[in-house]
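*Asks:* Build me a model:
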Amino acid sequence: MKPTGQKHTVDIRPSRTLGWFLCSIHLIALTVVVYYSLRLPICLLLILPLYLSWIRGWSNQVLLSADEAVVSVEWGSNGAWALIERQGRRTEAQLMERSFAAPWLTLLSFSCQTGVRRYVILLSDNSDTDQVRRLRVRLRLNSS
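*Replies:* You can find the predicted model right below:
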């Protein structure tokens, strides 16, 4: 067990489960857009943002290949949080109350110092289960 003053880190890897989920949701949305749009120009105007959303989600959340993709989350006992991006940039952040913690999924919502909101999705196949368990315990203790 680590001493209480030491920082904990969760390293994030590419996720196959998140990839299947992202593809499924975007395929369902594409089906709805194509089925319900009456004219071709409107359909094309709706498909382009959907495609760009899929590309951005794939590179930022699934493959972690984008420079701004979060590859590691650090937290300490004093309530300080840090997000480490793929390019090596470290961003201090504040955990927001809209985070969700369950045994199969942990969704963290952060507000960065730059005013940007960042979201981190942790599943069983993209992170270390022991570190995520510690993180969930911390989230439960801080919420009560």
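*Asks:* Identify each buried residue in the helix or strand of the chain with the lowest mean pLDDT, please.
*Replies:* Considering only helices and strands, the least confidently modelled element of the chain by mean pLDDT, DSSP states H and E is helix 129-143, at a mean of 86. By neighbour count on 16 or more other CB atoms under 10 Å, the buried set for helix 129-143 is 132, 134-136, 138-139. Backbone N, C-alpha and C define where each C-beta goes, glycine included.
*Asks:* Out of these, which comes closest to residue 20?
*Replies:* residue 132 (19.5 Å; CB to CB).
*Asks:* Which strand or helix spans the residue nearest to residue 117 when sequence neighbours are not counted?
*Replies:* Of all residues beyond its chain neighbours, the one nearest residue 117 is residue 111 (5.7 Å), with distances taken as CB to CB, 6 or more residues apart in numbering. Using DSSP states H and E, residue 111 falls within strand 105-112.
*Asks:* roughly how far is the next helix or strand after that strand from the heart of the chain?
*Replies:* Downstream of strand 105-112, the first helix or strand assigned by DSSP H and E is strand 117-123. Distance, stretch centre to chain centre, for strand 117-123: 2 Å (CA atoms, centre = their mean, to the nearest Å).
*Asks:* Identify all contacting residues around strand 117-123.
*Replies:* The contact list for strand 117-123 (CB atoms under 8 Å, 6 or more residues apart in numbering) reads 10, 12, 15, 17-18, 61, 70, 73, 83, 91, 93, 96, 104-112, 132, 135.
*Asks:* Buried only: go through these for me.
*Replies:* Applying 16+ other CB under 10 Å to those flags 10, 12, 15, 18, 61, 70, 73, 83, 91, 93, 106, 108-110, 132, 135 as buried.
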